[in-house]
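> sharing a model that was predicted from the sequence below.
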Amino acid sequence: MTSKFRTLILPLACATMVAASAPALAAGECKPGKTGKIAFMLKHQKAFRYLNADVPFFVKTAEAGGYKVLVQSADHDAAKQVAQAENVITQGVDAIVIQPVDFKVAATIAEKANEAGIPIASYDDLILGAEQTAFIGRDPREGGASAARAIVASVPKGSYALIGGDPGQTGSTQMQEGYHMVVDPLVANGDIKIVLDQFSAGWKTEAAQAHAENALTQNNNAIDAFLVSYDGMSVGVLQAIDGAGLKAGVIPVTGQDMELAAAQAIVEGRMFGSVWPAPDEMAVAVAGAKAAIAMAKCEDIGATDKINNKAADIPWVKTPIYLVSQKEMPEFVCKHQHWLDIKEVYKNVPDQMPKCN
C-alpha cells in the first residue's frame, strides 16, 4: 500500500529511534493542517472509562491546544465506524485518532485517511494491515501477562478458564496472548489445565457469564482461576460463581479497567484484581490528544517504541498497564482520586479505607 499521509518531521534523537518505522516520504511533504479540528473516534462510549477518562481528558487537552474535537462513537458497529470516518474525512480534519471496532475492517479507514493526506493514529487497539502515523496505547500482552503471573503466584496448579473480550480487537486478542505467555509453559509441564479459552463478542457481561457457567458445569465447579479481560465481564463471571453456589472469592477472578463494581469486589475479597490500562494517561499525558496535536502540526509525536501491524513498523506512543489487586488498591485509589470515589470503593468495608496524604 502506498501511503500519502503527512509524514512527521522528527528531531534527530527521536528520528534515530523510529526512522525504520516511518513511511519513506520526503520530510517536506508534511503540511500542518488548517481546519483546527481533530477527530476522536471510539468503538463506543458506554463504559466508565470513556465517560470519565478517555473523552473528557482528550477533549480538555485538545481544546487547550486550540483544537475542536469531533467525538464519534460507533456503538461496536464496524460498518458504522467506516461511515463515520468517511464523513469526518469529507468534512476535513487535521488528524484522526481512532479506536477500531474491528482491527481488520478499520484498515479501510486508515487507507482512506492516507489517501486524503490526513494523519491517523490507532488508539487503544492497533489497526492491522494498513500504514498509519502512530499507535497510541498500552501493550495488552503486558496486561494479560501481569494478571496471569499474579494468579499463578496465588494458584500455581489447577484448572484455569480464560475469557477474552471481542475477537475483532487487538486489545482482546493480545491480552489473551499475554495469558498464554505465562500459562502455557505450566500447561506443558502439567501444573495447569486450560478448561476454557473463549472470546466474548462486544465484551458483553452476558456472554462472559454464559462461558463461566458452562465451564463450571462441565467441570463440576472445579475451576481454580478465571482470567477475564474486562471488569464488566468479570461481573458476569462473579454472578456465575454465585449461581453455582460457591463462596465469593473462593475462585480468583481478574478483570480490566478498574470500574467501580470491580474495585468494590476487590477490596471486599470477592475478586482478585483488575488490570489498569491507564486510560487517563492514554488520553492525555504524552499520548492521546498531545500526540494528535503533534500529528496535526507535523511535530514529534513522542514515540518511545515501534510495533509491527503487518503493513509497517508503526511509531508507538506507549502507555502503562498493570494489575491492581487488594494489596495495591490503597495506593491506587489515593493516586487516582479523579477516577474513583474512595468512600464508594470502600463503602462496604469502611474500616479498610486508606488515609491518603
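Right, received. Where do you want to start?

> which residues does the spatially closest residue to Tyr160 that is not a sequence neighbour contact?
Distance criterion CB to CB, 6 or more residues apart in numbering; nearest residue to Tyr160, sequence neighbours excluded, is Ala225 at 5.0 Å. No exception for glycine: its C-beta is placed from N, CA and C like everyone else's. Ala225 makes contact with 151, 154-155, 158-161, 251-253 under the criterion CB atoms under 8 Å, 6 or more residues apart in numbering.

> what are the phi and psi angles of Ala225?
With angles defined as degrees, to the nearest 10, Ala225 sits at phi -170, psi 140.

> quickly note the distance from it to Ile192.
According to CB to CB, to the nearest Å, Ala225 stands 9 Å off from Ile192.

> swap in Thr304?
Thr304 is 34 Å from Ile192, by CB to CB.

> next, count neighbours for Glu177.
If you count neighbours by other CB atoms under 10 Å, Glu177 ends up with 16.

> host element of it?
helix 170-188 (DSSP states H and E).

> buried ones in that helix?
Within helix 170-188, the residues that qualify as buried are 170-180, 182-183, 186, counting by 16 or more other CB atoms under 10 Å.

> adding distance to Thr61, write the residues you listed out as JSON lines.
Listed next are the buried residues of helix 170-188 as JSON lines, based on distance: CB to CB, whole Å:
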{"residue": "Thr170", "distance to Thr61": "24"}
{"residue": "Gly171", "distance to Thr61": "22"}
{"residue": "Ser172", "distance to Thr61": "27"}
{"residue": "Thr173", "distance to Thr61": "29"}
{"residue": "Gln174", "distance to Thr61": "26"}
{"residue": "Met175", "distance to Thr61": "26"}
{"residue": "Gln176", "distance to Thr61": "31"}
{"residue": "Glu177", "distance to Thr61": "31"}
{"residue": "Gly178", "distance to Thr61": "29"}
{"residue": "Tyr179", "distance to Thr61": "33"}
{"residue": "His180", "distance to Thr61": "36"}
{"residue": "Val182", "distance to Thr61": "35"}
{"residue": "Val183", "distance to Thr61": "38"}
{"residue": "Leu186", "distance to Thr61": "42"}
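
> tell me the one among those nearest to Gly117.
Thr170 (25.9 Å; CB to CB).

> still on that earlier bit, can you give me the pLDDT of the residue nearest to Tyr160?
Note for Ala225: predicted pLDDT of 98.

> if we can go back for a sec, more neighbours: Thr304 and Ile192, which one.
For Thr304 versus Ile192, neighbours defined as other CB under 10 Å are more numerous around Ile192 (24 against 15).

> quick one, phi psi at the more buried one?
phi -120, psi 140.

> so it touches Ala161, yeah?
No - with contacts counted by CB atoms under 8 Å, Ile192 stays clear of Ala161, the gap being 11.1 Å.

> so what touches the helix or strand where Gly236 lies?
Element membership of Gly236, judged by DSSP H and E, is helix 231-243. The contact list for helix 231-243 (CB under 8 Å, 6+ apart) reads 47, 163, 165, 200, 203-210, 212-213, 216, 226, 228, 248, 250-251, 253-259, 261-262, 265, 270-271, 274.

> would you list the buried entries among those?
47, 163, 165, 200, 203-205, 207-209, 212-213, 216, 226, 228, 251, 253-259, 261-262, 265, 270-271, 274.
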